[in-house]
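Trainee: sequence and predicted structure, then a few things I'm wondering about:
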Amino acid sequence: MDNLLQRTLVLLKPDAINRGIVGEILQRFERVGAKLVGMKLLVSTEDTALKHYTEDIGRRRGEHIRKLMVEMLTSGPVMAMVFEGVEIVEVVRKLVGETEPKKALPGTIRGDYAHVSYAYSDAKKIGVFNLIHASANSEEAETEINVWFKLEELVEHQPLYTHFTLREDK
């Protein structure tokens, strides 16, 4: 497999679902030619959220932050998606924007649709409602995809508009 072809996980968090902007966000990925290979709407269990927000996050940012992130992720429906494409992890991260919405540039998903700051979230003792999660690197993407999807839930297909595939037999 060509190591430039990748898969990545995107989660539209409860705040994105509640605001009714799923279609607008999904369109951003479609416009750059990201190939959607998995998608489902679900309410995350605490167990799944803890597997997603690993103990590593607790060590780096504090266990109280991890707890807030889990509470936020389990507070309502989540749209889990897997995209495939050339260096798609980096492309998706660029489209999503900075983790702290107030620092996200206009033109990014967070820059256009969110404005919450870490200071506000800290003062309210809530997780940062920043609409969306995107895997940070290809290793994290692989791990996260396995948290949210079974292999048989990911679809192999070749859209007419692309010239790439992750499948070895093509």
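Mentor: On my side now, so go ahead. All of these numbers come straight from a predicted model, not from anything done at the bench. Residues are numbered from 1 along each chain as shown.
Trainee: which parts of this structure are strands?
Mentor: 5-12, 35-43, 77-86, 132-134 (DSSP state E).
Trainee: to Gln27, which of these lies closest?
Mentor: Nearest to Gln27, of all the strands of the chain, is strand 35-43, at 11.4 Å by C-beta to C-beta. Glycine gets a C-beta too; all of them are placed from N, C-alpha and C.
Trainee: tell me which of the strands of the chain lies nearest to Phe149.
Mentor: Between the strands of the chain, strand 35-43 lies closest to Phe149; by C-beta to C-beta that is 5.2 Å.
Trainee: out of the strands of the chain, which is closest to Arg59?
Mentor: Nearest of the strands of the chain (C-beta to C-beta): strand 132-134, 18.8 Å.
Trainee: adjacent strands (with direction) for that closest one?
Mentor: When pairing is defined by DSSP bridges, strand 132-134 lines up against strand 5-12 (antiparallel).
Trainee: what's the average pLDDT for the strand it pairs with?
Mentor: Across strand 5-12, the average pLDDT comes to 97.
Trainee: still on that earlier bit, a markdown table for the strands of the chain, including distance to Lys67 and mean neighbour count?
Mentor: Shown next, in a markdown table, are the strands of the chain (distance: least, C-beta to C-beta, whole Å; neighbours: other C-beta atoms under 10 Å):
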| stretch | distance to Lys67 | mean neighbour count |
| --- | --- | --- |
| strand 5-12 | 18 | 23 |
| strand 35-43 | 18 | 16 |
| strand 77-86 | 17 | 22 |
| strand 132-134 | 17 | 24 |
